[in-house]
Structures are given as structure tokens and as C-alpha cells.
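Novice: missing the sequence, but the structure's below:
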Ligand SMILES: Cc1ccc(CCc2c3nc[nH]c3cc3c(=O)[nH]c(N)nc23)cc1
């Protein structure tokens, strides 16, 4: 068993790579899509069904779990894997991002962030040390440094302030992670807004601290795809080739393809699960808004080529009926269909990279969306 979490690369196609992150709790095939399980559940899905879509790892959240049910309680109950009955790898975010986007009356100072719970208004402080303590109590296999992600667009001096604060918090997170968590990893998070020089300085400083992997943060916050891709192209050459690269919060199927061909290994996004709960499904022929009246008499399956039986064995008309009626089965089924689509997309990319035909795969996938009679 490897001491830390090691990335083995099986094949390359241009800047893209396919391989696996080997962890004590199981291998993570890359490029990987990681379903979001914010409050210790991938919403509307049982863990065995999440696994059946092809997921090797799920994400969970320091911010949500520290507020409810509490990190110490989860630790007393055997840790997060036991608590949510997910024996495979779990990655937890450090909480700072969620505080800034969810909490009330939050205030960042050099030491950390003070905020009021969005649940009951109770007052909390989250520091790099406390974030790492929570992630350790949860038992996360991949832990994230505490950072500050600025909203875009923002003035360069604001991006610089947050980038430098994130570097100071990177040092403190690494010290608090310690060297007594074999088989677990700590990832640094590159910040710097859309400022090329700040991004490069952040990446080089983090590499100097020697993390197990590196996330590109500060994106998927409303910037155009071109800005996101330019930032990835600026950062990747400054990250170690044999360590994993995780693009946080990204994205649409096209975002994933465009990013993995530039060398990204890991993705997370709420889109497939959130869209599924709102009646929108991803298919090989593009997106379907199943609330639309045009599906009322459409007896065709959602996506006959999906690995999900829900996408093959039920009609669009049936799912439109369920969505309009607010039936719970709609949320369950459409979430599963979307997660299966994202996993199928990643599996196709892994095979294409392995066979040196990634560009053709991307071309034929995008053609399916364009031509699809979705
Ligand atoms: C459960 C869970 C949900 C969400 C996330 C990622 C949340 C997320 C971002 N989402 C969109 N853009 C994002 C940027 C950042 C970022 O810069 N830093 C951090 N720590 N998280 C981000 C991680 C875990």
C-alpha cells in the first residue's frame, strides 16, 4: 500500500492523461468526476446507487457538517465513511468557500473567518487549524487547505490579497494536517483570480510547500469559459506532472472535456445533481428540460445509450408527468441519470485518452449535442 495517495498515469494524449489515484479505500480512475455529497449524502441517492453510476469518490463539506450534526459527533459514531455508509474515498472541502457563499454576517480576518450559521444564526469561527481538525475528525481521505476564493470579476489587488492570505493559510493547513495521517492526502488550492502572474506565483509557492495534490480554485464563480480555460493553461505547466490536479466546482459536460484535455484530472460540480432535482437531464443528444410540454406525449426513453436503466426503461412523457406532479421518484431518477451521464462521459474520455483519440471523442460528443434531437 502506498504511504500517501499516489497518481499513476497509464496513458497520455497531448496534455490530457488517464490513470488512477491509488488510495487505501480504493482507486480513483482519472479523469474523475466526483459527485457532491454536501451534508453527508448525494441528494436523493443511496450510496450503492451512487456507486452504480460509476463514482469512485464522493465529496462532503466541512462547513455543513460542522454545523450539523457536528464533526465530533460524526467521529464518535465512527467517522464519515461509516456514518454515510460509503466505504470508498471521500474528499472534503475546507469550508471557507461555503462560509463566504452561504453564511450570514461573515468576517474574514487574518486568523480565519467568523460567521453566523445559515441554519440557526449561531456564531462560529473557522480557522485553518479548526478546518483541518474537522476534516481529520470526519476521516476524509483527501483534505483541502483552507483558502479564500474571491468572487469574479474583482480588482487585481483584491485577488492578490486573497491569494496571499490563501498562501498563509496553506502553510497553516499543512502544519495542522501533520505527518501522522498515512494514506490520506492534503491538497493545496491555487488562487489569484484571472491574473496570470498571481496564478503562477500561487502555484509555484504551493509546489514549494509540497502538497499531495493541487486544486485550481477561484473558478466556476461566473467567469466566461474562455477565462477559465486560460487560467488552467497558465497554471498547469507550474504544477508537478505526477501529482493530481483538481478543478474545483467545474462544470458542464463541455467544461469537463475542455479542461481534461488541458491536463485536469479531477472535477466536482453540483450541476448534475441540482439539475436533476429541477427536471433537467443530460443526454448524448444534449439537455432535456422535462418540464417542457413537448415531452407530454414523447414515448421515447431519455437516453437509450445510458448505463442507467432509468434512462433506458422509462419514457420522457412519464418523467415529465412525475416532474410536473412533484413526485419524489423524479428527483431520484433524474439525479441518477445525470450522474450516470457524467460518469459515462469520464469513462469515454479515459478510454479515448488510452487510445490516443481524445480529440475525435470530444468532436463526436459535441456533435451529438449539436445534432441531437433532444
Ligand atoms: C461538497 C463540496 C461542494 C463543493 C466543493 C467545491 C467548492 C468550491 C467551488 N465551487 C465552485 N467554484 C469553487 C471554488 C472553490 C475554491 O476556490 N476553494 C474552495 N475551497 N472550494 C471551492 C467541494 C466540496
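Specialist: Arrived safely, thanks for sending. Computed from a predicted model, the values in this text were never measured in an experiment.

Novice: list the contacts of residue 341.
Specialist: With contact set as Cβ atoms under 8 Å, 6 or more residues apart in numbering, residue 341 has these partners: 253, 272, 281, 282, 283, 284, 303, 306, 308, 311. From N, CA and C alone the C-beta is placed, and that goes for glycine too.

Novice: in a strand, it, correct?
Specialist: No: using DSSP: H, G, I helix; E, B strand; the rest coil, the secondary structure at residue 341 is helix, not a strand.

Novice: how close does it sit to the ligand?
Specialist: From residue 341 over to the ligand the distance is 19 Å, taken as Cβ to the nearest ligand atom, to the nearest Å.

Novice: so residue 17 is in which element?
Specialist: strand 16-23 (DSSP states H and E).

Novice: that strand pairs with which strands, and in what direction?
Specialist: With DSSP bridges as the test, strand 16-23 is paired with strand 6-13 (antiparallel), strand 26-30 (antiparallel).

Novice: out of these, which one sits most buried?
Specialist: strand 26-30 (a mean of 21; mean count of other Cβ atoms under 10 Å).

Novice: the helix or strand hosting residue 91 - contacts with which helices or strands?
Specialist: Under the criterion of DSSP H and E, residue 91 resides in strand 90-93. If you count contacts as 3 or more Cβ pairs under 8 Å, 6 or more residues apart in numbering; DSSP states H and E, strand 90-93 packs onto strand 58-61, helix 62-67, helix 80-84, helix 128-138, strand 142-144.

Novice: minimum distance to the ligand: which of these has it?
Specialist: strand 58-61 (3.9 Å; Cβ to the nearest ligand atom).

Novice: chain center to the closest one: distance?
Specialist: 8 Å (Cα atoms, centre = their mean, to the nearest Å).

Novice: can you name every helix or strand that it contacts?
Specialist: By 3+ Cβ pairs under 8 Å, 6+ apart, strand 58-61 packs against strand 90-93.

Novice: the strand it packs on: partners in the sheet, and parallel or antiparallel?
Specialist: Short version: by DSSP bridges, strand 90-93 pairs with strand 58-61 (parallel), strand 142-144 (parallel).

Novice: list the buried ones in that strand?
Specialist: For strand 90-93, burial by neighbour count (16 or more other Cβ atoms under 10 Å) applies to 90, 91, 92, 93.

Novice: among those, which one lies nearest to the ligand?
Specialist: residue 93 (3.4 Å).

Novice: would you list the phi and psi of the closest residue to the ligand within the stretch 251-374 of the chain?
Specialist: For the stretch 251-374 of the chain, the residue closest to the ligand is residue 268, as judged by Cβ to the nearest ligand atom, at 5.3 Å. The phi and psi torsions at residue 268 (degrees, to the nearest 10) take the values phi -140, psi 150.

Novice: picking up where we left off before, could I get the helices and strands packed on strand 90-93 as a markdown table with mean pLDDT?
Specialist: Shown next, in a markdown table, are the helices and strands packed on strand 90-93 (pLDDT from 0 to 100):
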| stretch | mean pLDDT |
| --- | --- |
| strand 58-61 | 98 |
| helix 62-67 | 97 |
| helix 80-84 | 98 |
| helix 128-138 | 98 |
| strand 142-144 | 98 |
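
Novice: residue 299 and residue 317 touch, don't they?
Specialist: Yes: counting by Cβ atoms under 8 Å, residue 299 touches residue 317, with 6.0 Å between them.

Novice: the two: which has the busier surroundings?
Specialist: residue 317 (15 against 9; other Cβ atoms under 10 Å).

Novice: mind telling me what element the more buried one is part of?
Specialist: Going by DSSP H and E, residue 317 is part of helix 316-325.

Novice: just name the most buried of the helices and strands packed on strand 90-93.
Specialist: Ranked by mean neighbours (mean count of other Cβ under 10 Å), those are led by strand 142-144, with a mean of 28.

Novice: please see if it touches the ligand.
Specialist: Yes: Strand 142-144 comes into contact with the ligand (Cβ under 6 Å from any ligand atom), by way of residue 144.

Novice: leaving out the residues flanking it, which one is nearest to the residue in the chain that the ligand sits nearest to?
Specialist: Residue of the chain nearest the ligand, by Cβ to the nearest ligand atom: residue 249 (2.0 Å). Among residues not flanking residue 249 along the chain, residue 220 sits closest, at 3.4 Å (Cβ to Cβ, 6 or more residues apart in numbering).

Novice: returning to that earlier point: so the residue of the stretch 251-374 of the chain closest to the ligand touches residue 59, yeah?
Specialist: Yes: counting by Cβ under 8 Å, residue 59 is a contact partner of residue 268 at 5.2 Å.

Novice: intersection of neighbour lists for the two?
Specialist: Joint contacts of residue 268 and residue 59 (Cβ under 8 Å, 6+ apart) are 34, 35, 36, 91.

Novice: so how far is residue 92 from the third one?
Specialist: Look at residue 36 and residue 92: by Cβ to Cβ, to the nearest Å, they are 11 Å apart.

Novice: shared neighbours of these two, anything?
Specialist: residue 59.
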